[in-house]
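Peer 1: Dropping a prediction and its sequence here:
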Amino acid sequence: MGPRKHHLLAVFCLIASCLGAAGAQVFVVGMKTATDDAVTEFTPTHLPIPDEGLTERGRRSLLQNLVAEQGFAHRQLPLGAGLTLQANGNMTPRDEDYRKMLYERGISAQAGERVAITSIDFKGDRIVLDFNGGPYAKHRFLSHLSLNDQQIAPQGPTATGCRITLVFEGGIPEISAAEVKALLDPIVDFKAKTSEEAYADTLPPKVREAVASHDVLVGMTKRMVLAALGAPHDKEREHTDPKNPNSPHFEEWIYGQPPQATKFVRFRGDRVVRLEIAEVGKPIEIHDKNEIGGDTIPLQTRTIASGDSQPDEDGRHQTTAPTLLKPGEGHSAATPASAPSNAPAPPNAPATTAPKLVGTAHGLPSA
């Protein structure tokens with residue numbers, strides 16, 4: 001054993017003896033502790049499934065109506081390709097195997113978090129659905145090349161999504177998007193309505209349809225964009241004229257990451273004034289004209305409280321000065337509070353005379 005190893009061994013023994021003398025305790029986080037709050041209960045669905053096989057038209061309909069749909073995780077979703085759900089049947093893995101998968105692979109989404117379908121594939125008797133980008137990072141050829149030990153291109157984003165495989169006995173039937181969502185209900189809830197979704201129900205039809213399809217229209221408010229796309233990945237705030245520090249500001253919200261379509265939503269005040277959609281292999285799509293037309297946007301109303309000034313018949317607000325007097329206790333109009341009173345004093349009231357100043361300034365005798 002070399003001198004370096006002897007030195008390291010001596011240091012390790014010294015640390016161990018100090019910990020033992022101080023009565024230190026070592027805590028090890030195991031699978032049971034890490035997955036203690038994992039939901040393992042499972043209730044299968046009971047949904048009638050058609051007998052006809054999936055047609056090309058049905059496949060296109062599923063792609064159109066499921067991609068980008070958002071729901072909320074009913075349970076913790078493991079990172080990677082993990083969960084298999086039999087239509088109207090069980091989920092695998094289950095119980096301890098499910099906990100072990102969460103512990104070993106990590107968690108893609110906690111129970112109650114928003115998730116979105118980002119990709120769908122059809123393979124024989126199953127529909128493969130990727131959530132939040134799926135289990136694999138997108139391959140970038142340039143990230144494998146280096147020059148003089150220096151990367152030519154930065155590494156691509158790491159995988160943060162989950163994959164759920166929905167299996168049908170006898171092949172994929174002619175099923176609708178709503179029925180697929182119902183079959184996924186033990187894992188992902190597509191029926192839950194957030195406050196933003198409830199707000200979207202109050203919007204004009206055109207705007208409501210855009211929110212439901214997770215689209216942004218020029219003219220929307222920030223709350224409408226949040227209802228349509230949720231919170232952005234990033235925000236930027238800049239001057240309209242970078243060379244003029246006194247020029248007005250604009251705020252830009254960024255959604256999506258390459259190679260997925262990236263949306264740049266620009267606000268001026270509370271309204272969307274510009275939308276740019278950048279997608280790999282396609283020209284940048286720009287929207288800068290009002291797209292909600294003359295639709296009336298519901299505004300925030302304010303209820304006048306009892307302490308506020310009340311409008312008169314002409315709609316103007318009264319300008320009465322504040323007072324601590326109760327209604328009816330004020331001075332009469334003929335004798336305002338600030339006017340001097342000529343009323344005689346009570347018989348036993350002390351005389352009130354002006355104060356008398358006494359002094360010896362500049363050597364003058366006192367009065």
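Peer 2: Looks like it came in fine.

Peer 1: Low-confidence ranges, the stretch 151-300 of the chain, go.
Peer 2: Applying pLDDT under 70 to the stretch 151-300 of the chain flags residues 151-157, 193-194, 294-300.

Peer 1: got a list of what Gly80 touches?
Peer 2: Taking C-beta atoms under 8 Å, 6 or more residues apart in numbering, we find Gly80 in contact with Arg105, Ser108, Pro135, Ala159, Cys162, Arg163. No exception for glycine: its C-beta is placed from N, CA and C like everyone else's.

Peer 1: and it, backbone torsions?
Peer 2: phi 110, psi -170 (degrees, to the nearest 10).

Peer 1: Let's see which of the contacts of Gly80 end up in strands.
Peer 2: Ser108, Cys162, Arg163 (DSSP state E).

Peer 1: Which one (most neighbours) among those residues?
Peer 2: Per-residue neighbour counts (other C-beta atoms under 10 Å) across those peak at Cys162, which has 28 neighbours.

Peer 1: follow-up on the earlier one: pipe the ones in strands among the contacts of Gly80 into JSON lines and attach distance to Val216 per row.
Peer 2: Shown next, in JSON lines, are the ones in strands among the contacts of Gly80 (distance: C-beta to C-beta, whole Å):
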{"residue": "Ser108", "distance to Val216": "26"}
{"residue": "Cys162", "distance to Val216": "26"}
{"residue": "Arg163", "distance to Val216": "28"}
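
Peer 1: what's the closest of those residues to Val273?
Peer 2: Ser108 (35.1 Å; C-beta to C-beta).

Peer 1: now the closest one: how far from Thr118?
Peer 2: 12 Å (C-beta to C-beta, to the nearest Å).

Peer 1: which residues do the two both contact?
Peer 2: Common neighbours of Ser108 and Thr118 (C-beta under 8 Å, 6+ apart) are Phe131, Asn132, Gly161.

Peer 1: Quick check: of those, which lies closest to Gly219?
Peer 2: Looking across the shared contacts of Ser108 and Thr118 and measuring by C-beta to C-beta, the closest to Gly219 is Asn132, at 29.3 Å.

Peer 1: Could you report the neighbour count for the residue lying closest to the closest one once chain neighbours are set aside?
Peer 2: Nearest non-adjacent residue to Asn132, counting by C-beta to C-beta, 6 or more residues apart in numbering: Gly161, 4.0 Å away. Look at Gly161: counted by other C-beta under 10 Å, it has 22 neighbours.

Peer 1: For Gly161, which residues are in contact?
Peer 2: Gly161 makes contact with Leu79, Ser108, Thr118, Asp130, Phe131, Asn132, Gly133, Gly134, Pro135, according to C-beta under 8 Å, 6+ apart.

Peer 1: And these, which two are furthest apart?
Peer 2: The widest separation within the contacts of Gly161 (C-beta to C-beta) is 14.5 Å, between Leu79 and Thr118.

Peer 1: quick one: buried residues of stretch 91-104?
Peer 2: Met91, Pro93, Tyr98, Arg99, Met101, Leu102, Tyr103 (16 or more other C-beta atoms under 10 Å).

Peer 1: Show me these that map onto strands.
Peer 2: Met91.

Peer 1: So which of the buried residues of stretch 91-104 sit within helices?
Peer 2: Using DSSP state H, the subset of the buried residues of stretch 91-104 located in helices is Tyr98, Arg99, Met101, Leu102, Tyr103.

Peer 1: Please look at the third one and Arg94 and confirm they touch.
Peer 2: No: between Met101 and Arg94 no contact is recorded; they are 10.2 Å apart, counting by C-beta atoms under 8 Å.

Peer 1: ok, for Asp288, nearest residue in space, not its chain neighbours?
Peer 2: Once flanking residues are discounted, Asp288 sits nearest to Arg274: 4.8 Å by C-beta to C-beta, 6+ apart.

Peer 1: Show me what the one you found bridges to in the sheet.
Peer 2: Beta-bridge pairing for Arg274 (DSSP bridges): Arg266.

Peer 1: gap between Ala178 and Leu62?
Peer 2: 10 Å.

Peer 1: I meant Cys162, not that one.
Peer 2: Counting by C-beta to C-beta, the gap from Cys162 to Leu62 is 19 Å.

Peer 1: what do you get for Ala177?
Peer 2: In terms of C-beta to C-beta, Ala177 sits 6 Å off from Leu62.

Peer 1: ditto for Leu85
Peer 2: Leu85 sits 16 Å away from Leu62 when distances are taken as C-beta to C-beta.

Peer 1: more crowded one of these two?
Peer 2: Between Leu85 and Leu62, counted using other C-beta under 10 Å, Leu85 has the larger neighbour count: 25 against 21.

Peer 1: State the distance from the residue lying closest to Ala73 once chain neighbours are set aside to Leu217.
Peer 2: Using C-beta to C-beta, 6+ apart and skipping residues adjacent in sequence, the residue nearest Ala73 is Ala109, 4.6 Å away. Separation of Ala109 from Leu217 (C-beta to C-beta): 28 Å.
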